[in-house]
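A.B. asks: Turn this into a structure:
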Amino acid sequence: MRQLRSARLALRRETRNFTASSPGLSQTVEHLRHPLNTGEVFLVGTSHISEASAKEVRDIIHTVRPRHVVVELCEARRRRLEATA
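C.D. replies: All right, here's what the predicted structure looks like:
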């Protein structure tokens, strides 16, 4: 628990250094860039039941080709995702 809290605090400190830039992106996408290095984060707001949201996420992953993709899911959706993997 203590390690998780330390990690969250460190992440909070790091995200303060990112600046937002979203020209040309959907209103549901926020593109964050770190001013001192090449760190980039694309935050995509989605609706779990929206096919349009799923398409937007697919398009961003296809275009950006990120090294990592992080998905926030409730426990029930996580289990469903793991069952289909």
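A.B. asks: Note down every partner strand of the helix or strand containing L43 and its orientation.
C.D. replies: Using DSSP states H and E, L43 maps to strand 40-44. Applying DSSP bridges, strand 40-44 is found paired with strand 29-33 (antiparallel).
A.B. asks: one step back: in the helix or strand following the strand holding L43, what counts as buried?
C.D. replies: Next in sequence after strand 40-44, counting helices and strands by DSSP H and E, comes helix 51-64. Neighbour-count burial for helix 51-64 flags S53, E56, V57, I60 (criterion: 16 or more other C-beta atoms under 10 Å). The C-beta positions use only the backbone N, C-alpha and C, and glycine is treated the same way.
A.B. asks: what's the answer for stretch 27-35, then?
C.D. replies: So for stretch 27-35, counting by 16+ other C-beta under 10 Å, buried means T28, V29, E30, H31, L32.
A.B. asks: Am I right that the fourth one is in contact with E40?
C.D. replies: Yes: with contact defined as C-beta atoms under 8 Å, H31 counts as touching E40 (7.0 Å).
A.B. asks: just the buried residues of stretch 27-35 now: which is nearest R77?
C.D. replies: T28 (18.4 Å; C-beta to C-beta).
A.B. asks: ok, now which ones touch the closest one?
C.D. replies: Counting by C-beta atoms under 8 Å, 6 or more residues apart in numbering, T28 makes contact with V44, G45, T46, S53, E56.
A.B. asks: Any stretches of the protein with poor pLDDT?
C.D. replies: For the chain, the stretches with pLDDT under 70 are 1-26.
A.B. asks: 80 instead, please
C.D. replies: Scanning the chain for pLDDT under 80 picks out the ranges 1-28, 35-38, 48, 85.
A.B. asks: Contact partners for F42?
C.D. replies: V29, E30, H31, L32, I60, V64, P66 are the contacts of F42 under C-beta under 8 Å, 6+ apart.
A.B. asks: out of the buried residues of stretch 27-35, what pair is the most spread apart?
C.D. replies: T28 and L32 (14.3 Å).
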